[in-house]
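*Asks:* here is a sequence with its predicted model. Questions after.
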Amino acid sequence: MKSRWALWAASYLLGAGTAAAQDLVAVDLQLVIAVDVSYSIELDELRLQRTGYVEAFRRPEIVRAVRTGPLGRIAVTYVEWGGKAIQVLPWTLIEDAQSAAHFAEALHRQPIRRISFTSISNVLAFARRLIHSSPYRASRRVIDISGDGPNNAGVPAPVARNNTVAQGIVIDGLAIMLKSTPDSASIPYLDTYYKECVIGGEGAFVMKVSKASQFSAAILAKLTTEISGLKVSGVRPHRPGLRPAEYAQSYNCFIGEEIQERSIGR
């Protein structure tokens, strides 16, 4: 038989857990923006990416998309990644032009950084932890990941993708395909790799950028689509036993790891 102390402690912890859940701020969307800053991306491309996101959150289209939701507010965090991931900006509530502008200004002030290797799986795991530990709760949770190459560190990308999707989180992709002559770390048709090996969840989609001039428009279109949730990235509340989507079995999702292994073996 449990002691009075044990019963009181259990009751206290249950009450504390309920209070903690009640303290979470309800939003329409939790969005993790995960931007590739690996060394395969040139410095001018890094600046183009950063500028694209800064400009997007200064645009009225973002606020209009936010206001389409039932609550009219979302939570956003900005992450940069290579072999590891760094949370550049904390979770931020976006509900009007002022809060969106503050997010843009905070991002604009951040230094440009670079990180070795390309681990899509590591950044997906990092983003999942950010979502689960955030002070917000939402019916839709999306990881917006951009990159210019396949996974070459950590566990294979499909393993991380399947785990993420099974937790009711959608992964959308932005494939950066600016190189006219692929280097040793890149692959042709990166958008196909993202489609088959990276994105997942209900309504997941991939966009590609093949010209530097397309960056800003692509980023704005991607963000407004994700935020509005009218066409893609809708996700029902997580159900036990949720099965990941089926993917083409013939595509080689280990191509990045194979390229890395060949470079080491020279």
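*Replies:* Nice, I can see it. Residues are numbered from 1 along each chain as shown.

*Asks:* quick one, strands of the chain?
*Replies:* 25-36, 74-81, 85-94, 136-147, 170-176, 206-209 (DSSP state E).

*Asks:* list the helices and strands the fifth one packs on?
*Replies:* The reference is to strand 170-176. Contact here means 3 or more CB pairs under 8 Å, 6 or more residues apart in numbering; DSSP states H and E; on that basis strand 170-176 packs against strand 136-147, helix 157-166, helix 190-197, strand 206-209, helix 215-228. Heads up, the C-betas are built off the backbone N, CA and C, glycines and all.

*Asks:* the shortest one too?
*Replies:* Counting contacts by 3+ CB pairs under 8 Å, 6+ apart, the secondary-structure elements packed against strand 206-209 are strand 170-176, helix 190-197, helix 215-228.

*Asks:* before we move on, the earlier item: dump the helices and strands packed on strand 170-176 into JSON lines; add distance to Ser121 and mean neighbour count as well.
*Replies:* Output for these, formatted as JSON lines (distance: least, CB to CB, whole Å; neighbours: other CB atoms under 10 Å):
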{"stretch": "strand 136-147", "distance to Ser121": "11", "mean neighbour count": "24"}
{"stretch": "helix 157-166", "distance to Ser121": "4", "mean neighbour count": "21"}
{"stretch": "helix 190-197", "distance to Ser121": "10", "mean neighbour count": "22"}
{"stretch": "strand 206-209", "distance to Ser121": "17", "mean neighbour count": "20"}
{"stretch": "helix 215-228", "distance to Ser121": "21", "mean neighbour count": "21"}
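
*Asks:* kindly reformat these as TSV containing mean pLDDT and distance to Val88.
*Replies:* Formatted as TSV, these follow (pLDDT from 0 to 100; distance: least, CB to CB, whole Å):
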stretch	mean pLDDT	distance to Val88
strand 136-147	97	14
helix 157-166	95	20
helix 190-197	94	22
strand 206-209	94	20
helix 215-228	95	16
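
*Asks:* quick one on the thing from earlier: out of the helices and strands packed on strand 206-209, flag the one nearest Arg58.
*Replies:* In terms of CB to CB, the element of the helices and strands packed on strand 206-209 nearest to Arg58 is helix 215-228, at 10.1 Å.

*Asks:* can I get the closest one in PDB, CA atoms only?
*Replies:* Extracted as PDB, the C-alpha positions of helix 215-228 are listed here (Å, rounded to 0.1, in the frame of the first residue of the first chain):
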ATOM      1  CA  PHE A 215      15.900  32.700 -54.000                       C
ATOM      2  CA  SER A 216      13.700  35.400 -52.600                       C
ATOM      3  CA  ALA A 217      10.600  34.400 -54.500                       C
ATOM      4  CA  ALA A 218      11.000  30.700 -53.700                       C
ATOM      5  CA  ILE A 219      11.500  31.300 -50.000                       C
ATOM      6  CA  LEU A 220       8.500  33.600 -49.800                       C
ATOM      7  CA  ALA A 221       6.300  31.200 -51.700                       C
ATOM      8  CA  LYS A 222       7.400  28.300 -49.600                       C
ATOM      9  CA  LEU A 223       6.900  30.100 -46.300                       C
ATOM     10  CA  THR A 224       3.400  31.500 -47.200                       C
ATOM     11  CA  THR A 225       2.300  28.000 -48.400                       C
ATOM     12  CA  GLU A 226       3.500  26.400 -45.200                       C
ATOM     13  CA  ILE A 227       2.000  29.000 -42.900                       C
ATOM     14  CA  SER A 228      -1.400  29.200 -44.600                       C
END
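
*Asks:* what comes into contact with it?
*Replies:* With contacts defined as CB atoms under 8 Å, 6 or more residues apart in numbering, helix 215-228 is touched by 29, 31, 33, 48-49, 51-53, 55-56, 59, 61-62, 64-66, 68-69, 74, 142, 144, 172, 174, 205, 207-209, 231-233.

*Asks:* go ahead and confirm Cys253 touches Cys197.
*Replies:* Yes. Cys253 lies in contact with Cys197 (CB atoms under 8 Å); the separation is 3.8 Å.
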